[in-house]
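In: how does the following fold in three dimensions:
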Amino acid sequence: MTRRVTEKQLEAQCTHLNTLTGSPLAPWTKGEDGRFHSNVGCFHINYDYNQPQLQRITNESGGVSNVLNYRGTKSEVSRLIYAYAEGIYHGQRNPIHESTKPTNQELAQ
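Out: Sure thing, here's the model as predicted:
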């Protein structure tokens with residue numbers, strides 16, 4: 001039997017991503033002036049067209065980027081977010097040493 005993924009579970013994955021990357025947990029905060037301001041770097045789920053998409057706020061005006069370059073079912077997006085978070089986690093634990101990075105010449109071959 002297939003496990004259904006809920007909006008709450010996707011939001012929990014975003015919270016995990018934000019914690020993992022040291023990003024703000026909420027996409028918007030209310031300032032002292034009473035206006036809402038975007039939190040640059042925050043991951044959040046967008047539900048346009050009734051399909052979830054992982055987005056990250058890229059500027060103070062609230063502009064976003066489609067992190068996974070994908071919009072699909074909750075289950076599909078959940079699996080992609082999991083893989084993305086695992087990549088970040090392993091990259092932080094085992095950073096590539098400068099001497100092991102391929103040079104541009106090696107990449108061009």
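In: which residues in this protein form strands?
Out: 28-30, 36-38, 43-46, 53-57, 64-66 (DSSP state E).
In: for these, which one sits closest to residue 88?
Out: Among those, strand 43-46 comes nearest to residue 88, with 10.5 Å by Cβ to Cβ. C-beta: built from backbone N, CA, C; applies to glycine.
In: CA atoms of that closest one as PDB?
Out: Output of strand 43-46 as PDB, limited to C-alpha atoms (Å, rounded to 0.1, in the frame of the first residue of the first chain):
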ATOM      1  CA  PHE A  43      13.000  27.200   1.300                       C
ATOM      2  CA  HIS A  44       9.200  26.800   1.000                       C
ATOM      3  CA  ILE A  45       6.600  24.900  -0.900                       C
ATOM      4  CA  ASN A  46       4.500  26.700  -3.600                       C
END
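In: relative to that strand, what are the paired strands and their orientations?
Out: Sheet pairing of strand 43-46 (DSSP bridges) gives strand 53-57 (antiparallel).
In: what's the mean pLDDT across the partner strand?
Out: Summarised as a single mean, pLDDT over strand 53-57 is 96.
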